[in-house]
Structure formats: structure tokens, C-alpha cells
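> coords please:
(chains A, B, C and D)
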There are 2 protein chains.
Amino acid sequence: MASKLKKNPITLKESDSSVSSIEDAMSKTQDGRLYNEILDAILDHRLSPGVKLKEDELSSIFSVSRTVVRRALLRLAHDRIVDMQPNRGATIIRPDVYKAREILGVRRLIERELIKEATLAATPESLNALKLCVESERDQVRRQHIGSGLRLSGDFHIRLAQLSNNSTLLSYLKELVPQTSLIIAMYQTPHHTLCSHQEHFDIIDVISTGDVSAAQEVMDRHLVHIEEKLDLGNERSPGDLFSAFAHVKNEVE
Amino acid sequence: MASKLKKNPITLKESDSSVSSIEDAMSKTQDGRLYNEILDAILDHRLSPGVKLKEDELSSIFSVSRTVVRRALLRLAHDRIVDMQPNRGATIIRPDVYKAREILGVRRLIERELIKEATLAATPESLNALKLCVESERDQVRRQHIGSGLRLSGDFHIRLAQLSNNSTLLSYLKELVPQTSLIIAMYQTPHHTLCSHQEHFDIIDVISTGDVSAAQEVMDRHLVHIEEKLDLGNERSPGDLFSAFAHVKNEVE
DNA sequence: CACCCACTGAATGTACACAACATTGAGGCG
DNA sequence: CGCCTCAATGTTGTGTACATTCAGTGGGTG
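You can find the predicted model right below:
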């Protein structure tokens, strides 16, 4: 059992994650830290769809008790980021094509509203802070830190949503972003599937004009672009054995 | 400590709740049962906004260990139905006016989309089943079972949403309905604030015509009516000491 | 040879004990 | 007389042991 420790290359980056992640006040308890760790791993594509998250392994890796692991997993399950069946443990979701379209559709619905409210509430200062965030994203990608780039790309959407002061829709988006990350992991095409940071800069520009409809239009197109870059036509993602043989091992939902 | 058992009048209606509640497959584990019990109590207005949910008390009342109680509370916290602060326990949320408007606004956004998809996916059979549900709701109210009527009223919206096959938006609505129930409890005016079942019948009728825009219009008006029946002008709900002295005891968020 | 069933091992569900933290009240001090 | 300190108490956070369930396996039988 102890030999399984090195099986997973997840490093726990103490202070880094609590800074980079948007989740702020919840890191006080241990399960909040673990929750963020797993979330970051998913956003960075270090954890793939379909991976089984065994409680013993996680407790070994992060040196916490199963109690803490269970809490973290329960939260992820409630976010619909992992799937928990009674007595059968937790696995990272593998959205099928139908579900993927559903999630992306909900994102469009919700972000259309969020950007409307954000546009009405934006100030020059908050937009500048947002711009800095996108620049950092761009720099990470240039340095070939694709994983961090991906996470920061999600961060942009969440920070943008925070401008709106709509905490309900914000909490939904916080679930949708990791789900989208998993969808990208499953259905990405050879060409890059990152949010283009240029589009992020464009979005900031439109918001600063105060034109709500235009902002909604740009955001919607941005999300459609993401969807178009995916290969949602045929179900399996190329080169992924898990997808190719999904019907053998587990016929999900 | 054992003497506190009789303090809370919550009865645990074994089989009843698992039938009446929409939550279906989750009642296998004990925490799912407790989760549904608390949710039903909120929907029936047997539990009010601001009530402290102590782990020991709940574990005594329902004869389960604190482990189970904690899981249930954690789920409720994630639904934003209870508020959990580290080391400070769980209390049922008390949405202020701003938050109340936000939640009702999100409901309108989400149900507008849900009824669109439901209209496109509806069949005569599914609509008939829905009609039976509303009739049962009407009968409960006629028999003065206001609590059950309230819960069934929420059930209508959820069952309607289930027609749409959009599980993401459905899960959001499952959080929004109890939140709405708490808002109604806080801000209800002397005249009845139930969803009028007549409007529910109307909604079913419009859906059966297949006219999406009309259905959206009717649903939107229905939700606006609910909001209009509330007294969101002045914050306190009449006769509720908790609200009246909220600024003294705890200045929430 | 294929199918069925009991067994076994591993993983999860639950309970309880202890530790850490927050709240509150009394007492002392300024 | 009011304020501060600190201990007592209650409540939550965490770790661990035990119970339960499930999946895989091996042997037996039709």
C-alpha cells in the first residue's frame, strides 16, 4: 500500500495553489486545501477524466486522514466534477458528447448574463486588474507552461464573473469551468484548444465601452469558438485508450 | 444533553419522505436520508431561516452519528441552503433583500431556458403526469395542508424541469427551489404567497401547444408574480423576531 | 465446456474518541 | 463602574477502528 505513494505525480504546492486559485476563504480547513489541490490538478490537466480517486491513496499522498479526503470528494461530487456511487467510490467524470454540449450550452447561458451584469458594474480599476490577469496568462503560455495557462484561462472567466456581484451565478460558473476543462481534455483536437487570450483582451475592451449587447455578443462568440475547436462529432478523443475502450470497462450512465 | 431530544418537533417520516421528495437514488446512504429530511422540513416551512443546526442535536434526533450529520450538512452548505463557517457550525441561510432578488432573478433566467427545452421535449404522457402532480398539490391546499402544498408546488417546477433532460440546469433548480422557499418564509405578506396552481395548469396548457416563446412568457410572469407577492421593500418579515433584531445578534455578510 | 455460487480481498460506510477552537461568564484590575 | 483577562464549557475538526458492501476468483456441477 505504501508503495503506491509514487504512483501519482501530484505534487502538493503548499502556498502556490492557495494564491493562484480563486477559492479564497475555504482553505482554512484541510479538506478545503485538498479540494483545491484536486481542482487545480484537473484545471491543469494533470488529472484526466475517468480517473478513480481512491480514498486511501489520496490520504497517503497528501498525508491526511480519510475523513478529510471524504469531505473533499463529497464536495467535488456535489460540483459534478467527480461521480460518487455508494460503496463504489469516486471517479472523475467523463462527460459524453451530449453532456458536453449541455455543459457548454449552460455556460453560454450563464456567462451571457454574467457579462451583462459585469459590464454594468465594471470600473476602470477592476478592468485593469483583469487585464493584468490575462497578461499573466499570456506569459505563462509563452513560457510553455500550458497547464498553468489553462488554469489561468479559467481564472479569467471567474474573475470576470466576480465583477458582476452575482454570487449565485458565480458559484455555478465555478463548477462549469472545471467541467469544461475535463471536456477539453476529452475532446481536444490537435490544434490548440486554449481560450485565445486575444479574445480575452477583446472582451475587456468591449466591457470598457459599456455596450452590454456587444459584450454579450463577443462573449458568446468566444464560447462558441471553444466549442468549435473540440471534436464533438465522434465521441472518442484521439489517442486516448480510456475513451476508445470505455464501452468495455464501464458503460457510464 | 439527552433532554434536548424533544426540543425540535421534527418527526422523521420514514417512507413518506423518500416517496414525496424528488431526490431519488441518493437515499441509499443514511446521510442522503437526513439531507432529504432537512430539505423537506425547509420546503414545508417547519425549519425557518436563521436556525442553528447543531450536529449533536441532529444526531440525537435522527439517531445517527455525527459523521452522518456532517455529511448531510456539508451537502446543504454546498447547495447554499445552510451557511457553514469553520469551527462555527451550520445555520440556515437568511437571504437579505439583495440576495433574494438575485436568487429569484437567477430562477427566471434558468427556468426560462428549462421551459424552452421542456416544451421541445414534452410528450402527452409526461404532461399528463405533470397535471396529476398539480392536482395533488391543489388538493393538499384545499385540505389546509399548507406545508405539503408548498413542497408540492416546488415539486411542480422540478418535475417540469426534468422534462427538459438538462441535468445541469435541473441541479441548479434543485438548489434554487429550497432557497426560494426560505425567501418566502422571510418576506411573505399576509395574503397567500403560494404559487397559484391555476398558473401551473396554465403553464402545462401552453407547453402542450408547443409554442416556446409563449411558454417562456407564461413562466416568466408566473415567477414575477411570486416575487411581487413578497414584501421585498422593507427587510423584515412581519412578526418574526429573528428578522426584527437581526442587526443586533449577527450582522450577516 | 460453460455456468453458477461461495469465498476472499479490497474499498467504502459508520461510529466513536480525542484534539482544537470559539463562546461565555466570572473575577480581578485599572 | 467599566473593561480586560482567563478559565470553564460547549461545539466542531480530525484520526482511527470496526462494520459493511462489492468485485473478482476459484472450485464445483450440470
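> tell me how many other residues surround A:Leu34.
If you count neighbours by other Cβ atoms under 10 Å in any protein chain shown, A:Leu34 ends up with 24. The way it works is simple: take the backbone N, C-alpha and C, and place the C-beta from them, glycine included.
> scratch that, A:Lys174
Neighbours of A:Lys174 under the rule other Cβ under 10 Å: 17.
> ditto for A:Val68
Neighbour count of A:Val68, defined by other Cβ under 10 Å: 21.
> do the same with A:Glu227
17.
> now it: closest residue in space that isn't a chain neighbour?
A:Leu104 (5.0 Å; Cβ to Cβ, 6 or more residues apart in numbering or on different chains).
> around DNA strand C, pick out the residues from chain A.
A:1, A:53-56, A:66-67, A:70, A:84, A:86-90 (Cβ under 7 Å from any atom of the strand).
> the residue nearest to A:Glu227 sits in which helix or strand?
helix A:97-121 (DSSP states H and E).
> please name the residues that touch A:Ile42.
Residues near A:Ile42 by Cβ atoms under 8 Å, 6 or more residues apart in numbering or on different chains: A:Ile81, A:Ile92, A:Pro178, A:Ser181, A:Leu182.
> go on, A:Arg221?
Counting by Cβ under 8 Å, 6+ apart, A:Arg221 has contacts A:Glu199.
> low-scoring stretches of chain A, by residue?
A:1-27, A:144-147, A:191-195, A:234-253 (pLDDT under 70).
> around chain B, which positions in it sit nearby?
A:28-29, A:71, A:74-75, A:78-80, A:86, A:99, A:102-103, A:106, A:109-110, A:113, A:166-169, A:171-172, A:176 (Cβ under 8 Å from any Cβ of the partner chain).
> what's the ChimeraX line that selects buried ones from these?
Entered in ChimeraX, the line below selects the buried ones among those, by 16 or more other Cβ atoms under 10 Å in any protein chain shown:
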select /A:71,74,75,78,79,80,99,102,103,106,109,110,113,166,167,168,169,171,172,176
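> contacting residues for the closest residue to DNA strand C within the stretch 1-150 of chain A?
Scanning the stretch 1-150 of chain A for the residue nearest DNA strand C gives A:Gly89, at 2.9 Å (criterion: Cβ to the nearest atom of the strand). A:Gly89 makes contact with A:Lys52, A:Leu53, A:Lys54, A:Glu55, according to Cβ under 8 Å, 6+ apart.
> please apply the same query to A:Pro49.
Applying Cβ under 8 Å, 6+ apart, we find A:Pro49 in contact with A:Ile92, A:Ile93, A:Arg94, A:Pro95, A:Leu182, A:Ala185, A:Met186, A:Phe242.
> neighbours of the residue in the stretch 51-200 of chain A positioned nearest to DNA strand D, how many?
Taking Cβ to the nearest atom of the strand, DNA strand D has its nearest neighbour within the stretch 51-200 of chain A at A:Ser65, 3.1 Å off. Around A:Ser65 there are 11 other residues, counting by other Cβ under 10 Å.
> again, but for A:Phe156
22.
> cool, the one 5 residues further on as well?
Neighbourhood size, A:Ala161 [other Cβ under 10 Å]: 26.
> assign it to one of the three secondary structure states.
When classified by DSSP: H, G, I helix; E, B strand; the rest coil, A:Ala161 comes out as helix.
> from A:Val97, how far out is it?
26 Å (Cβ to Cβ, to the nearest Å).
> do A:Gly154 as well
Relative to A:Val97, and taking Cβ to Cβ, A:Gly154 is found at 21 Å.
> A:Val51 now?
20 Å.
> before we move on, what about A:Leu173?
22 Å.
> what of A:Leu120?
Applying Cβ to Cβ to A:Leu120 and A:Val97 gives a distance of 36 Å.
> show me which of these two is the more surrounded one.
Ranked by neighbour count (other Cβ under 10 Å), A:Leu120 and A:Val97 place A:Val97 first, with 17 against 14.
> surely the more buried one is in contact with A:Leu232?
Yes. Using Cβ atoms under 8 Å, A:Val97 is in contact with A:Leu232, at 5.2 Å.
> hmm, who's touching stretch A:109-129?
A:157, A:159-161, A:163-166, A:169-170, A:172-173, A:176, A:203-204, A:207-208, A:210-212, A:215-216, A:219-220, A:223, B:109-110, B:113.
> which parts of that stretch are buried?
Buried-residue list, stretch A:109-129, by 16+ other Cβ under 10 Å: A:109-119, A:122, A:126-127.
> so which bits of chain A are right by DNA strand D?
Counting by Cβ under 7 Å from any atom of the strand, chain A sits next to DNA strand D at A:Thr29, A:Gln30, A:Asp31, A:Val64, A:Ser65, A:Arg66, A:Thr67, A:Val68, A:Arg71, A:Pro86, A:Asn87, A:Arg88.
> ok so, going back, determine which two of the contacts of A:Ile42 are furthest apart.
Spanning the widest gap among those are A:Ile92 and A:Ser181, at 10.6 Å by Cβ to Cβ.
> all strands of chain A, in order?
According to DSSP state E, chain A carries its strands in the segments A:52-53, A:82-85, A:89-92.
> to B:Pro190, which of the ones you listed lies closest?
strand A:82-85 (44.5 Å).
> listing partners with orientation, what would you give for that closest one?
Here strand A:82-85 has these sheet partners by DSSP bridges: strand A:89-92 (antiparallel).
> give me the buried positions along the strand it pairs with.
Buried residues in strand A:89-92 (16+ other Cβ under 10 Å): A:Ala90, A:Thr91, A:Ile92.
> between the residues you listed, which is closest to chain B?
Here the nearest of the buried residues of strand A:89-92 to chain B, counting by Cβ to the nearest Cβ, is A:Ala90; it sits at 13.5 Å.
> for beta bridges, what are the partners of the closest one?
A:Leu53, A:Met84.
> who's in contact with stretch A:137-156?
A:20, A:22, A:40, A:43-46, A:130, A:133-134, A:136, A:177-178, A:180-181, A:184, A:194-195, A:197, A:200.
> now swap in stretch A:167-180 and tell me
A:22-23, A:39, A:42-43, A:79-81, A:93, A:95, A:103-104, A:106-107, A:110-111, A:113-114, A:154, A:157-158, A:161-162, A:164, A:226, B:80, B:99, B:102-103, B:106, B:168, B:172, B:176.
> inside helices: which ones of the residues of chain A next to DNA strand D?
Residues of the residues of chain A next to DNA strand D located in helices (DSSP state H): A:Gln30, A:Asp31, A:Arg66, A:Thr67, A:Val68, A:Arg71.
> taking the residues you listed together, which two end up most distant?
Among those, A:Gln30 and A:Arg66 lie farthest apart (Cβ to Cβ), at 11.9 Å.
> the more surrounded of these two?
Just comparing A:Gln30 and A:Arg66: by other Cβ under 10 Å the higher neighbour count belongs to A:Gln30, 17 against 13.
> for that one, which non-adjacent residue is closest in space?
Excluding the flanking residues, the one nearest A:Gln30 by Cβ to Cβ, 6+ apart is A:Val68, at 4.7 Å.
> residues touching that neighbour, list them.
Contacts of A:Val68 by Cβ under 8 Å, 6+ apart are A:Gln30, A:Asp31, A:Leu34, A:Ser59, A:Phe62.
> where along the stretch 151-253 of chain A do the helices fall?
A:167-187, A:197-209, A:212-229, A:241-244, A:246-249 (DSSP state H, counting those that start in this stretch).
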